[in-house]
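1. fold the following.
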Amino acid sequence: MFTEFVIVARHVREASQAPRRSVVVALRYALAVTNRRFFDNGDTLVELTSDSLLVGELYDWSVLPRCGAVVVFSGTVRDHSEGRHDVTSLAYEAYDEQVVPKCLEIAKEMRDKWPTLGRIALVHRIGELKLGESSVVIVVSAPHRPEAFDAARFGIDALKATVPIWKREQWGDGGDWALGAQHITDVKKLNDVSGS
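-> As a prediction, this is how the structure comes out:
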């Protein structure tokens, strides 16, 4: 548990300099170790959590002086899907032990394709989510916008195709697994979605 706290809080130089919100977030993460998987090496952050996704804090984390572009993709729960117009919520499940390693493969592939990238965050939520809540957030910083957009697009497409996370749609009188569920593939076998 202590290791997790240090990983999240290590960006704070001194407690007196820490914004109050950062300390609260660090404590929240430290106390929530049992419901999350996490990796952060300073420039790549990967997380699977049942907590609400903090999009603004991921954006703030991604900003670097050498990077002039930050692209944030947030996938949110909507009220419809293929063949249904009355979705009320989604429930996400994952093969927990594989999520972080698969996301790290994606981040490595992103850095191989776009070597100038600054920071990468691949964060997915599990559990029951209401309409409008973020289920997945991809954040990429880069010196220029083309590689930031291309890498973020690759990141979300690769995550959906290779990471073992599934969603169950709920509606007024029942629920079922999403029709769009696909076979899990290897990140190296994906086509280049950037068009370059």
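2. show me what contacts Leu48?
-> By Cβ atoms under 8 Å, 6 or more residues apart in numbering, Leu48 lies in contact with 36-38, 94, 96, 99-100, 123-126, 165. Placement of C-beta: from N, CA and C, glycine included.
3. give me the secondary structure label for it.
-> Three-state assignment for Leu48 (DSSP: H, G, I helix; E, B strand; the rest coil): strand.
4. spit out the contact partners of Glu128.
-> Neighbours of Glu128 in contact, by Cβ under 8 Å, 6+ apart: 89-91, 170.
5. next step: the contacts of Leu48 restricted to helices.
-> Counting by DSSP state H, the contacts of Leu48 place 96, 99-100 in helices.
6. buried ones among the residues you listed?
-> 99-100 (16 or more other Cβ atoms under 10 Å).
7. okay, the ones in helices among the contacts of Leu48 in a markdown table with pLDDT next?
-> Rendered in a markdown table, the data for the ones in helices among the contacts of Leu48 read as follows (pLDDT from 0 to 100):
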| residue | pLDDT |
| --- | --- |
| Asp96 | 90 |
| Val99 | 94 |
| Val100 | 94 |
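8. now, the most widely separated pair of the contacts of Leu48?
-> Phe38 and Ile165 (15.5 Å; Cβ to Cβ).
9. more neighbours, these two?
-> Neighbours per residue, other Cβ atoms under 10 Å: of Phe38 and Ile165, the larger number sits with Ile165, 24 against 18.
10. ok, the contacts of Glu128 vs Lys160, which is closest?
-> Ranked by distance to Lys160 (Cβ to Cβ), these are led by Leu90 at 13.8 Å.
11. for that closest one, give its distance to Gly155.
-> In this structure, Leu90 lies at 20 Å from Gly155, with Cβ to Cβ, to the nearest Å as the measure.
12. so where do the strands sit in this protein?
-> Taking DSSP state E, the strands of the chain run over residues 36-40, 44-49, 69-76, 87-94, 120-125, 127-130, 134-142, 165-171, 174-177.
13. buried deepest among those strands, which one?
-> With neighbours defined by mean count of other Cβ atoms under 10 Å, none of those is more surrounded on average than strand 120-125, at a mean of 26.
14. which helices and strands sit right next to that one?
-> Strand 120-125 makes packing contacts with strand 44-49, helix 55-62, strand 87-94, helix 96-113, strand 134-142, helix 145-162 when contacts are defined by 3 or more Cβ pairs under 8 Å, 6 or more residues apart in numbering; DSSP states H and E.
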